[in-house]
Each structure stands twice: as C-alpha cells, then as structure tokens.
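Student: pasting the structure only:
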C-alpha cells in the first residue's frame, strides 16, 4: 500500500534542497539577518549566497537568527494538512525553542482539521546530525513505515546520533558564551581547538581542548571510536559537515577512513548551513554517526 503522509523538516538539516525535494520531503525555512537584511536559509540553492555570507563575516558582520514563531508554523502546517497527514521533525530543542511553537500551532489546527494527523517530534539534533536522523526517517518511509513507527524510531534513536566537532575559530563560540573571552584570545594565539559535542538534551558541550588541528583530529577520532556502534567495524551512515573549511574536512576524512575502513568512500560531506554557521562562523568541522546513548 502506498505511503501517503508528508514527511516535513526544517532547513537546518543542512542537506541540500535538491536532495530533500528529490526524496519527497517538505521544508520549512529558517531566516537569518546580516547587516540588517533578512535572508531565507539557502540550503545550497545559491552558491553566491554562501560566498556573500562568508565575505560578510570576513568583513566583521555578526549574523543573527531567531526561532520560528507559532504563526509561521501554523501557516506552513495548514498548507500541508490540506494535502494530507504530516509528520514534522524539528530542529532540536537544545538549539532553539521553536519546537514548542510548533506544538502550539498543532493544537490550534487540531479543531480545524479533525480528520488529519499532524505529528510533531523533536529531533534533539542539529545540522548534519539532524540531516542524518531525517535521512534514516526518509529511508523508513520509503520502506513502508507509517508515521507512528517513524516517530517511535526517532524518539528511541535520536540520542544515539552523535555530534562531535572541533573549531579553529573561537570568535563565534566566545560570542555564544561557550568559550570565555580570555580563553578565546589565548586560544587563538596558541592555535587551540576546542572539542565539542551535543549532549542528551541536544545542547552544545565543550568537553576538551587541544593545541593544533592534527591533535584535534586525532582526539576526535579517539572519542568516536569510544562511542561508535560496532567500533572499528561500523558500517552505518556517517555524515561530515563543515563551515567553509573544505581542506580541513578533507584532512579529517582521510584520517577517519584510516580508523574506520568500512566507511571509506561512504562519508556524506555537507556544508554547514547559514543558520548554524551564524553561530559557529568559519572553521568548524563536525561529524555524526550512530553510537551509544549520548549523556
């Protein structure tokens, strides 16, 4: 029997727009403000927009983002509910409270569309890790799973999707409070790279720091090996995503493939999108994979 419901996501999955539309997913777009001008999240549709974004950062711009409000969700959901039932997966609540606004919109629409189902589920993930969760959900839909089965899988597995990353640029993490001002100044001089992850609440935790990129890569891979499903034999999805530092990403991929031979030539390489990059700036390399439960 054909699976009729709509799988809906948000642009912060950091998959390309072409990819998600080819797989039949609907997208709600975040926006960001830079130099006083609002922009819709690019999702790879315009190379110029990405170039302009990072050029603005180089020139000292400090972009900002905001949560999606209830009214925006309500408009978006209503358009989808007119077509069928909807399973919507949000950006994790550790990153934004938008999920709560989605629940309010769902409640508001429940009486207007009593014969439609709208399920809203919190991914507890971000960026490429969110994209990986969504990719698994889309695989399940293609294999005939219903909305409730996919919702249960997400709730059971979202905390098994690890997000680990290092950064060579402390400016934006200083701005967010994840790295103190003095630490950021000293760290930049000494070329210190903080290592971070998402915890079980989907919040960023800085858990270590090392000097120089090769040491950051080595430390991150050691941590991956401690947490990843099946250790060196891992053969599941593996996503890497970066903020305008392709050479660093390629260097990291080379070392990862040495440590995890089964993922050789299977790593999905993505750009960190404009929304997440507004908070991490240039120079962040992140990975996501299935592993033990996040703490």
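Tutor: It's in. Predicted model only: the values in this text are computed from it and were never measured.

Student: out of everything not next to it in sequence, what's closest to residue 88?
Tutor: Excluding the flanking residues, the one nearest residue 88 by C-beta to C-beta, 6 or more residues apart in numbering is residue 8, at 4.1 Å. Yep, even glycine has a C-beta here, placed from its N, CA and C like the rest.

Student: A helix includes the one you found, no?
Tutor: No: counting by DSSP: H, G, I helix; E, B strand; the rest coil, residue 8 is not part of a helix but strand.

Student: doesn't residue 79 make contact with it?
Tutor: No: using C-beta atoms under 8 Å, residue 8 is not in contact with residue 79, being 10.3 Å away.

Student: Which of the two has more residues huddled nearby?
Tutor: The neighbour comparison of residue 8 against residue 79 (other C-beta atoms under 10 Å) goes to residue 8, with 22 against 11.

Student: got the contact list for residue 287?
Tutor: Contact partners of residue 287, counting by C-beta atoms under 8 Å, 6 or more residues apart in numbering, are 128, 162-165, 220, 224, 238-241, 252, 256.

Student: Could you check the pLDDT of it?
Tutor: Per-residue pLDDT puts residue 287 at 98.

Student: Quick check: phi and psi on the nearest residue to residue 171 once chain neighbours are set aside?
Tutor: Leaving out its chain neighbours, the residue that sits closest to residue 171 by C-beta to C-beta, 6+ apart is residue 281, at 5.7 Å. Dihedral pair for residue 281: phi 70, psi -160, per degrees, to the nearest 10.

Student: What count of nearby residues applies to residue 281?
Tutor: The burial count for residue 281: 23, using other C-beta under 10 Å.

Student: measure the residue nearest to the spatial centre of the chain to residue 79 for me?
Tutor: The centre of the chain sits closest to residue 127, judged by C-alpha atoms, centre = their mean, with a distance of 1.2 Å. Computed as C-beta to C-beta, to the nearest Å, the residue 127 to residue 79 distance reads 26 Å.

Student: before we move on, what about residue 5?
Tutor: With distances taken as C-beta to C-beta, residue 5 is found 15 Å from residue 79.

Student: In contact with residue 158: list those residues for me.
Tutor: 92, 122, 123, 124, 125, 133.

Student: And for the residue nearest to the first one when sequence neighbours are not counted, the neighbour number?
Tutor: Excluding its sequence neighbours, the residue lying closest to residue 92 (C-beta to C-beta, 6+ apart) is residue 202, at 3.5 Å. With neighbours defined by other C-beta under 10 Å, the count for residue 202 comes to 24.

Student: Counting neighbours, what do you get for residue 55?
Tutor: Neighbour number of residue 55 under other C-beta under 10 Å is 10.

Student: From residue 283, how far off is it?
Tutor: Using C-beta to C-beta, residue 55 is found at 15 Å from residue 283.

Student: can you list the weak-confidence ranges in the stretch 51-200 of the chain?
Tutor: For the stretch 51-200 of the chain, applying pLDDT under 70 flags the ranges 172-190.

Student: 80 - rerun?
Tutor: Residue ranges of the stretch 51-200 of the chain with pLDDT under 80: 170-191.

Student: for residue 191, what are its contacts?
Tutor: 168, 211, 212, 213.

Student: from these, which two are the most distant?
Tutor: Greatest spatial distance in the contacts of residue 191: 168 and 211, 11.4 Å, computed using C-beta to C-beta.

Student: Find residues that contact each of these two.
Tutor: Both residue 168 and residue 211 are in contact with 191, 193, where contact means C-beta under 8 Å, 6+ apart.

Student: Which one of these two is surrounded by more residues?
Tutor: More neighbours surround residue 168 than the other of residue 168 and residue 211, with 21 against 12 (other C-beta under 10 Å).

Student: For the more buried one, give me its contacts.
Tutor: Here residue 168 is in contact with 191, 193, 213, 245, 248, 283, 284 (C-beta under 8 Å, 6+ apart).

Student: Helix or strand: which one has residue 241?
Tutor: According to DSSP states H and E, residue 241 maps onto strand 238-242.

Student: What of residue 60?
Tutor: Assigned by DSSP H and E, residue 60 belongs to no helix or strand.

Student: coming back round to it: could you pull up the residues touching the residue nearest to the centre of the chain?
Tutor: Listed by C-beta under 8 Å, 6+ apart, the contact set of residue 127 reads 12, 13, 14, 163, 241, 272, 273, 276, 286.

Student: Brilliant, that's me finished.
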